[in-house]
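Asker: what's the 3D shape of this:
(one chain, ligands or ions: 1)
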Amino acid sequence: MKRQAFLRLTGLAAAAAFSSCKPSETGSHAAIGTPGGKTVVGFSQIGADNPWRTAETESIKSEAAKRGIELKFSDAQGQQEAQISAIRSFIAQSVSAIILAPKVETGWDAILKEAKAAKIPVILVDRGVSVTDPSLFVTLIASDFVAEGRMAGEWLAQQTSGKAGIVQLEGTTGAAPANDRKKGFEAAIAAHPDMKVLASQTGDFKRSDGKNVMEALIKAHGAAITAVYAHNDDMAIGAIQALEAAGRQPGKDVTVVSIDGMGFAFEAIKEGKLNCTVECNPLLGPMAFDVIAKVLRGEAVPKQLVQEDRLFDATNAPAELPNRKY
Ligand code: GYE
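Answerer: Numbering: from 1, shown residues only. Next comes the predicted model:
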């Protein structure tokens, strides 16, 4: 909710705040803080624990290379504290801009204030933050996670004629996509009294955790489970494995819906084990560097750049499979 309010702000304020970045040693923002005039950008990534995230990392690395930008890359191995240290180190190295994929929504105010004080623009990719001062970041490039959750919920309602015993496998606790995908989904099914969430637990966006949590929930709820809603494809695949091991038929007697639209999810739809996936594009490199170029030129950018996501099921996934880029 708080984040929504921030989105009403235009990017003008943000661009103005950063347009004075380290002025005029070189006369060009694109060459700031860089020996030999090369733009240096820091990228703080959460980790490499699922294929969505590695696809995003690859997109940002390859786009930097394509544009001749030097990228300082930090993998925080799942630790917010390591992301904060990485940002502090980027500031100390006087990078021109920082790309941040924040693990969770809260806890960023202090470090983003340090970046702002150093006049280094911060571009958020893939997940949002909740901060008291929205000028602490320039823009957020991400999908609308509430809309993704709503699409999954509406599809499930239609598919099950409004009757289902649902297990929800949540993403990382405190992460924007986990919070919002839950919100959107639960709002969509609220209109259907016979759709009940039997259990909702985190699987940390990981396949192994999705499998372990699903095993435990099958033991607890047994045949009452008729649907699984996983906040990402990896956890859905883990859940499918657990269901099969328990003698259930995912895709048939248990309807499985998830989010991300990874190639392996399309394969699972083709095999009839996954019923639906809502895409969430991880290839954010080109947009991130377009935005950085604009900001370094002092141009305004919108406060949020929303990725459009489509839903795929057995009716349209097979035709799309050869076109998938991630
Ligand atoms: O859905 C998931 C990843 O932040 C949108 O994080 C991203 C999510 C994505 O770990 O697979």
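Asker: And the pLDDT for the residue in the stretch 1-150 of the chain that the ligand sits nearest to?
Answerer: Here the residue of the stretch 1-150 of the chain nearest the ligand is residue 52; by CB to the nearest ligand atom that distance is 3.6 Å. C-beta here means a position set from N, CA and C on the backbone, and glycine is covered the same way. At residue 52, the model reports a pLDDT of 97.
Asker: The chain should start at 46 in everything you say after this.
Answerer: Will do, 46 is the new start, and the previous item becomes residue 97.
Asker: That one: neighbour count?
Answerer: Neighbour count of residue 97, defined by other CB atoms under 10 Å: 21.
Asker: and what of the one 5 residues further on?
Answerer: The criterion is other CB under 10 Å. On that basis, residue 102 has 20 neighbouring residues.
Asker: Reduced to three states, what does it come out as?
Answerer: helix (DSSP: H, G, I helix; E, B strand; the rest coil).
Asker: Also residue 301?
Answerer: Following three-state DSSP, the label given to residue 301 is strand.
Asker: Return the residues of the stretch 46-195 of the chain in contact with the ligand.
Answerer: 95, 97-98, 171-172 (CB under 6 Å from any ligand atom).
Asker: What confidence value was assigned to residue 110?
Answerer: Per-residue pLDDT puts residue 110 at 98.
Asker: Buried residues, stretch 133-148. List them.
Answerer: For stretch 133-148, the neighbour count (16 or more other CB atoms under 10 Å) marks 135-136, 140-148 as buried.
Asker: oh, I was asking about stretch 249-262
Answerer: The neighbour-count check on stretch 249-262 (16+ other CB under 10 Å) flags 249-252, 254-256, 258-260, 262 as buried.
Asker: Between the residues you listed, which sits nearest residue 290?
Answerer: The nearest member of the buried residues of stretch 249-262 to residue 290, counting by CB to CB, is residue 260 at 7.4 Å.
Asker: Tell me who's in contact with the residue lying closest to that closest one once chain neighbours are set aside.
Answerer: Leaving aside its chain neighbours, residue 260 sits nearest to residue 287 (4.6 Å; criterion: CB to CB, 6 or more residues apart in numbering). Going by CB atoms under 8 Å, 6 or more residues apart in numbering, residue 287 touches 255-257, 259-260, 263.
Asker: next one: the helix or strand residue 116 falls within to chain centre, how far?
Answerer: Residue 116 belongs to strand 115-120 when assigned by DSSP states H and E. Relative to its parent chain, strand 115-120 has a centroid offset of 19 Å by CA atoms, centre = their mean, to the nearest Å.
Asker: Give the next helix or strand downstream of it.
Answerer: helix 125-137.
Asker: how close does residue 243 sit to the ligand?
Answerer: 23 Å (CB to the nearest ligand atom, to the nearest Å).
Asker: Which parts of this protein are helices?
Answerer: 47-52, 56-63, 96-111, 125-137, 154-162, 190-204, 221-234, 252-266, 278-290, 308-315, 330-341, 362-365 (DSSP state H).
Asker: on contacts alone, who are the packing partners of the third one?
Answerer: Applying 3 or more CB pairs under 8 Å, 6 or more residues apart in numbering; DSSP states H and E, one finds that helix 96-111 makes contact with strand 85-90, strand 115-120, helix 278-290, helix 330-341.
Asker: Please apply the same query to the fifth one.
Answerer: The criterion is 3+ CB pairs under 8 Å, 6+ apart, and the helices and strands that helix 154-162 contacts are helix 125-137, strand 167-170.
Asker: what does the shortest one give?
Answerer: Using 3+ CB pairs under 8 Å, 6+ apart, the elements in contact with helix 362-365 are helix 308-315.
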